[in-house]
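>>> here you go, sequence then predicted model.
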Amino acid sequence: MSILDQRKLIESIHPFNYLSSQELDSLIKKIDIAYYPKDTLLISKDLASIAFYIIIKGSVYEYIEDELHNVYSEGDSFDANALIYAKTESRFVVHEDLICYEIKKDDFLDLMQNKVIQSYFLQDFISRHRHLKEYEAQSELSPFLMAKVSEMFLHQACIVKKETTIYEALQKQQEIKAKVILVTLEDNSYAIVTDSDLRQKVLLAHLSVNESIEKIATNTIITINHNDFLFNALLEMTHHGIKRLVVMKDDKVIGILEQLDLLSYFANHSHLVAVQIDKATSIEDLKDISEDIRNLIVTLKAKGVKVRYITKLVSTLNEKIYKKVFEMSVDADLQKKCALIVMGSEGRAEQTIKTDQDNALIFDDSVDASLFVEPMQRLNAHLLTLGFPLCKGDVMVTNPYWRRSVADFKALIESWIVTLDANALQNLSIFLDSKCVAGEANYFDEVDRHLYKHFYAREDMLAHIAKATLIFETPISIFSGFVLQKSHHNKLDLKKGGIFAIVHGVRTLALQYEIKERNTIERIKELNNKGLFDKEFASELIESFDTLSTLRLSALLEADDLDDANYINPKELSKTQRDLLKDSFKVVNKFKKFISFHFHLNMVV
């Protein structure tokens, strides 16, 4: 291998890619090339490590006791911990004849004087997890870092004077179809009025619409210059947890940048999928859009956008599709007498590739139930046409069990709570992730309040629900090796092995603490705000859930059969991905112990 090839290989290994050119030149002069035949023992409890190894050709197996813990192949490196801490519980054995680079122990420890190298090998779980994810994604993002805000479609801003009445401001907002109202202040700065301000400060506070708009405006607005980078706009929205930015040019407002438009830009430069949905007039129109959404998911993922943002975008688009299909399936007068709800991953805003339909209908007590039979059959059929598979458990609006009046739904919930058998617990869990996507939300809200009311201070019921968190084993051994299923070609189940435990455990805690958020990550944040667990543990849960969801999305996109999409082969993952997965499973086990202790599950029969 030439010096140039050697340099390229070392530079490709994280975190050595952060070395300066001078540091890299110095390191390369100290690196040796070594050969070890099959079955050579390189490191063990009794055989101290002499070097940091970088594999050129061949493979090395890492065992703890007699269990295979890790497989290292071309381009992989090991074992920093054995050098830093001068001990190891592992046994590293050459599995295929090995040709490798060796960085001698003293030279490697000298490298640790570099703060970047040191922080990578010594950092805590959260920092390391995020560091590895950023490294995985950074090469994919680079082409998009130079796109400017000025290249985006900007929504017209509704700007009014501070003395304008609320009613006049709303009239102007309606005329130009603006999402927010900007209010000019005396110092030529701006305040903002959002839909949330109108609900809380006008409707709920019974404020007269003849009052000045200034009374309900928020003085702090988040702005961005039209020449700034789109990626910075995405970061600003993420950091502040907002859905739009006010775009400025020469200290003047030139428009509003919406989050949905921004994410759609990352997926498709030629058109916005959301606009297509709004303009759709037939099921055929929507059918074409469904394929666009899949392409959107593929592209966003390839560009390094986090799964949590992809799922929120897809959820928003799917909600629009549900609403359109509802309007095409149900007569206008009946639309005002019912609420269409979605449940499961769609209800949590965590769905990507279309999975089984999980939906229900809640209607007014005064309406004849038979009036909804045909409309719901049409809705169900339309959704199937659009690629939403039928639910194998029949959790759909075509099933009378999930199509009920408000009073009947309340009675159903009470029956779940009284029996608490396996079916009742499953149905309760499904409903806990529900949200209204079409019709009149007040019907759903009434039933939802009824549900939470019946769980107040009922620790016994909550413990029975929480018990399901432990139902599946986490596929990682005590020695951090993956536990694979022979019945599924030596793969592991991401959903049962990790995702379900986090989703269900967090869902149960949210029920206990009356948190109305449906999204798992948002629930974790709210639980953290209530002091249930500290910020570090909350961050570990979020990062682990994000890792598991990201790997599952990759599997879903590659799978021919959705039933097998939850299964992955760790050997097909990169070393970085395997490390992230192991860290995530460790957090899952930590969370399971927390749930078990919190709900005293050792006492639940």
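Sure thing, it's come through.
>>> how many other residues sit next to residue 389?
Neighbourhood size, residue 389 [other CB atoms under 10 Å]: 12. Backbone N, C-alpha and C define where each C-beta goes, glycine included.
>>> could you do residue 305 as well?
Residue 305: 21 neighbours (other CB under 10 Å).
>>> and it, how close does it get to residue 151?
17 Å (CB to CB, to the nearest Å).
>>> go on, residue 447?
Note on residue 447: its distance to residue 151, by CB to CB, is 45 Å.
>>> more neighbours: which of these two?
Using other CB under 10 Å as the criterion, residue 447 and residue 151 rank with residue 447 on top: 23 against 10.
>>> so that one touches residue 363, yeah?
No. Counting by CB atoms under 8 Å, residue 447 sits too far from residue 363 to count as a contact (10.9 Å).
>>> buried residues in the helix or strand harbouring residue 196, which are they?
Using DSSP states H and E, residue 196 falls within helix 195-197. The neighbour-count check on helix 195-197 (16 or more other CB atoms under 10 Å) flags residue 197 as buried.
>>> what mean pLDDT does that helix get?
Mean per-residue pLDDT for helix 195-197: 86.
>>> for stretch 465-480, same thing?
Mean predicted lDDT for stretch 465-480 stands at 87.
>>> over to stretch 514-527?
94.
>>> same question, stretch 82-93
Mean predicted lDDT for stretch 82-93 stands at 90.
>>> from residue 194, how far off is the closest residue to residue 497 other than its chain neighbours?
Once flanking residues are discounted, residue 497 sits nearest to residue 475: 4.2 Å by CB to CB, 6 or more residues apart in numbering. Distance from residue 475 to residue 194, counting by CB to CB: 44 Å.
>>> now swap in residue 454 and tell me
In terms of CB to CB, residue 454 sits 34 Å off from residue 194.
>>> please pull out the lowest mean pLDDT helix or strand from the protein.
The helix or strand of the chain with the poorest confidence is helix 125-141; it has a mean of 56 (mean pLDDT, DSSP states H and E).
>>> would you map the helices across the stretch 451-600 of the chain?
Taking DSSP state H, counting those that start in this stretch, the helices of the stretch 451-600 of the chain run over residues 459-466, 494, 500-512, 520-529, 535-558, 575-598.
>>> which strands or helices does the last one pack on?
In this structure, helix 575-598 packs against helix 125-141, helix 500-512, helix 535-558, with contacts taken as 3 or more CB pairs under 8 Å, 6 or more residues apart in numbering; DSSP states H and E.
>>> where's the residue nearest the centre of the chain, which helix or strand?
The chain has residue 308 as the residue nearest its centroid, 2.5 Å off, counting by CA atoms, centre = their mean. Here residue 308 sits within helix 307-329, counting by DSSP H and E.
>>> rounded mean pLDDT for that helix, please.
pLDDT averaged over helix 307-329 gives 87.
>>> what residues sit buried inside that helix?
Here helix 307-329 shows 307-326, 328-329 as buried, counting by 16+ other CB under 10 Å.
>>> ok, stretch 105-115 next?
105, 107-108, 111-112, 114.
>>> which outside residues touch that stretch?
18-19, 23, 27, 30, 49-52, 80, 83-84, 103, 117-118, 121 (CB atoms under 8 Å, 6 or more residues apart in numbering).
>>> for the residue nearest to residue 497, give me phi and psi.
Main-chain dihedrals, residue 475, degrees, to the nearest 10: phi -80, psi 50.
>>> for it, give me its contacts.
Applying CB under 8 Å, 6+ apart, the residues near residue 475 are 482-485, 492-493, 497-498, 585.
>>> and residue 61, how far is that from residue 94?
According to CB to CB, residue 61 and residue 94 sit 8 Å apart.
>>> check residue 229 too.
Residue 229 is 47 Å from residue 94, by CB to CB.
>>> same question for residue 370.
73 Å.
>>> those two: who's more crowded?
Higher neighbour count among residue 370 and residue 94: residue 94, with 19 against 7, using other CB under 10 Å.
>>> what is the subsequent helix or strand relative to the helix or strand encompassing that one?
Using DSSP H and E, the element containing residue 94 is strand 90-104. Next along the chain after strand 90-104, taking DSSP H and E as the criterion, comes helix 105-111.
>>> for residue 450, give me the backbone phi and psi.
phi -60, psi -40.
>>> please apply the same query to residue 289.
Per degrees, to the nearest 10, the backbone of residue 289 is at phi -70, psi -30.
>>> may I have the secondary structure class of the closest residue to it other than its chain neighbours?
The shortest distance from residue 289 to any non-neighbouring residue, by CB to CB, 6+ apart, is to residue 276 (5.1 Å). With DSSP: H, G, I helix; E, B strand; the rest coil as the basis, residue 276 sits in helix.
>>> domains for this structure, by residue range?
Here the domain assignment for the chain is 3-122, 149-266, 271-441, 464-603, based on automatic domain parsing.
>>> next one: the last one to chain centre, how far?
Computed by CA atoms, centre = their mean, to the nearest Å, the chain-centroid distance of domain 464-603 equals 12 Å.
>>> kindly report the same for the shortest one.
Computed by CA atoms, centre = their mean, the chain-centroid distance of domain 149-266 equals 27 Å.
>>> and for the third one?
Its chain's C-alpha centre and that of domain 271-441 lie 19 Å apart, by CA atoms, centre = their mean.
>>> cool, the first one as well?
How far domain 3-122 lies from its chain's middle: 33 Å, per CA atoms, centre = their mean.
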